[in-house]
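Chemist: I need the structure of the sequence given here:
(one chain, ligands or ions: 2)
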Amino acid sequence: MTNEDINSIKQLLKSPKKIVIVPHKNPDGDAIGSTLGLYLYLLKFNHQAAVVAPNAYPDFLKWMPQESTILKYDTQTEMCEKLIHEAEILFTLDFNALNRTGDMETALAACQGTKIMIDHHQQPDDYALYTYSDVTMSSTCEMVYNFIDMLGDNTLIDADIATCLYTGIMTDTGSFRFSSTTSNTHRIIANLIDKGAKNSEIHNAIYDTNSYDRLQLLGRALSNLKVLNDYKTAYITLTQEELNTFNFKKGDTEGFVNYALSLDGIIFAAIFIEDKQNDIIKISLRSKGDFSVNEFSRAHFQGGGHTNAAGGKSDLNMKATVDKFISILPDYKNTLNHA
Ligand code: 5GP
Ligand code: MN
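Modeler: Ligands and ions are numbered 1, 2, ... in the order given. Predicted coordinates:
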């Protein structure tokens, strides 16, 4: 994003506008934190803004400031379509291609408003007039902080905005431990605490609100864990039946894949989760070091993401999906053993 872009956006935001802000499908902490943070900032200028999410998100995000104002396209389609159609500005946050919004894609593509992308995923599509894309950023929340700062409005970041942005930086960095966490990330986090983000309370609200069922499901996931030492790889499976047994709710499997990656000597981890409703196996991939799960997912599982965290899906059944995964690994044996 150039100075010229920033000046143009400043001009654009000078008078009240109809604005829609969109996160990706199955929004996570960074997607909800960044969209709400930007929303709260825009409200200060009397814009008519709305956050429109493609679908629902986990309960552990439902305490966030103004979270209850978020509209969901899948259940409130008519109202969302109207807002998107009338939007003069469309912000798309935390995704790099309109198809990451699922069924919302058509409405977004047809929107005549000025599109502004803020995102840290690799290989961004070129649909926005203004694209702020930086794959070195820890999170979209860090970028929204920078965006508000570049607009000269750092002092307008209040406790609620700080809370939203802190949350997304925390969740996308695995609580400040992934290699995307820079000294600058920590400086921003320090500023957000100064502005009123209650760090300890935020960690508690996100990570220490487990249900008993979720912990039992984690137990099952861990007993399903398989290790392929030759490939420094470990994977977990969860069938729909297992999810049902533990009354699965959206978000319950968040972070499970990291247990596979936490094994000593393992640098590539996967979790395969059956989704009978959509007739797919949803896949989450994680890695350490140079092994790119973004490229692996793009090549084999219709997905993408970042170098060390990506997602994808398979239209095969669980057994066939795992067999396919295992059959691909020999092609990566060298890479995995030297990454
Ligand atoms: P997760 O495994 O936590 O769902 O996602 C990890 C990362 O990969 C996130 O940055 C997410 O946006 C991205 N991602 C997850 N699923 C998909 C997918 O199906 N397609 C693409 N392109 N990215 C995905
Ligand atoms: Mn993100």
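Chemist: Tell me the backbone dihedrals of the closest residue to ligand 1 within the chain, please.
Modeler: Among the residues of the chain, G311 lies closest to ligand 1, at 2.1 Å counting by CB to the nearest ligand atom. Heads up, the C-betas are built off the backbone N, CA and C, glycines and all. In terms of degrees, to the nearest 10, the main-chain angles of G311 are phi -140, psi 170.
Chemist: Give me every residue in the stretch 201-339 of the chain lying close to ligand 1.
Modeler: S284, G303, G304, G305, H306, A309, A310, G311, G312, K313 (CB under 6 Å from any ligand atom).
Chemist: How about the helix or strand where Y39 lies and ligand 1, any contact?
Modeler: Per DSSP states H and E: Y39 is located in helix 29-43. No - Helix 29-43 lies apart from ligand 1 when judged by CB under 6 Å from any ligand atom; the minimum separation is 7.8 Å.
Chemist: buried sites along that helix?
Modeler: 29-43 (16 or more other CB atoms under 10 Å).
Chemist: list the helices and strands that helix packs on?
Modeler: Applying 3 or more CB pairs under 8 Å, 6 or more residues apart in numbering; DSSP states H and E, one finds that helix 29-43 contacts strand 18-22, strand 48-53, strand 89-93, helix 140-150, helix 159-172.
Chemist: Now do the contacts for the residue in the chain positioned nearest to ligand 2.
Modeler: Nearest residue of the chain to ligand 2 (CB to the ion) works out as D30 at 3.4 Å. D30 makes contact with D94, S139, T140, C141, G168, I169, T171, D172, according to CB atoms under 8 Å, 6 or more residues apart in numbering.
Chemist: Mind splitting this protein into its structural domains?
Modeler: 3-207, 212-338 (automatic domain parsing).
Chemist: Would you mind measuring the gap between the ends of the first one?
Modeler: Okay, so that is domain 3-207. Taking CA to CA, to the nearest Å, domain 3-207 runs 38 Å from one end to the other.
Chemist: chain center to that domain, what's the gap?
Modeler: 10 Å (CA atoms, centre = their mean, to the nearest Å).
Chemist: Now that domain: average pLDDT?
Modeler: When pLDDT is averaged over domain 3-207, the result is 98.
Chemist: Name the nearest residue to the residue of the chain closest to ligand 2, ignoring sequence neighbours.
Modeler: Nearest non-adjacent residue to D30, counting by CB to CB, 6 or more residues apart in numbering: G168, 3.8 Å away.
Chemist: Likewise for F296?
Modeler: That would be L285: by CB to CB, 6+ apart, it lies 6.4 Å from F296.
Chemist: Would you list the phi and psi of the one you found?
Modeler: Main-chain torsions, L285, degrees, to the nearest 10: phi -120, psi 140.
Chemist: I'd assumed A269 was in contact with it.
Modeler: Yes - using CB atoms under 8 Å, L285 is in contact with A269, at 7.2 Å.
Chemist: who's in contact with D153?
Modeler: Listed by CB under 8 Å, 6+ apart, the contact set of D153 reads Y41.
Chemist: all strands for the stretch 151-300 of the chain, in order.
Modeler: With DSSP state E, counting those that start in this stretch as the criterion, the stretch 151-300 of the chain has strands at 226-228, 233-238, 268-275, 280-287.
Chemist: got JSON lines for these, with distance to ligand 2 and mean neighbour count too?
Modeler: Shown next, in JSON lines, are the strands of the stretch 151-300 of the chain (distance: least, CB to the ion, whole Å; neighbours: other CB atoms under 10 Å):
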{"stretch": "strand 226-228", "distance to ligand 2": "28", "mean neighbour count": "14"}
{"stretch": "strand 233-238", "distance to ligand 2": "22", "mean neighbour count": "23"}
{"stretch": "strand 268-275", "distance to ligand 2": "18", "mean neighbour count": "23"}
{"stretch": "strand 280-287", "distance to ligand 2": "14", "mean neighbour count": "24"}
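Chemist: Could you provide those strands in JSON lines, with additional columns for mean pLDDT and distance to A339?
Modeler: Formatted as JSON lines, those follow (pLDDT from 0 to 100; distance: least, CB to CB, whole Å):
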{"stretch": "strand 226-228", "mean pLDDT": "98", "distance to A339": "15"}
{"stretch": "strand 233-238", "mean pLDDT": "98", "distance to A339": "11"}
{"stretch": "strand 268-275", "mean pLDDT": "98", "distance to A339": "8"}
{"stretch": "strand 280-287", "mean pLDDT": "98", "distance to A339": "8"}
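Chemist: between those strands, which gets nearest to C164?
Modeler: Nearest to C164 among the strands of the stretch 151-300 of the chain is strand 280-287 (24.0 Å), distances taken as CB to CB.
Chemist: Now do the closest one: which elements does it pack against?
Modeler: Applying 3+ CB pairs under 8 Å, 6+ apart, we find strand 280-287 packed against helix 256-261, strand 268-275, helix 293-300, strand 309-314, helix 318-328.
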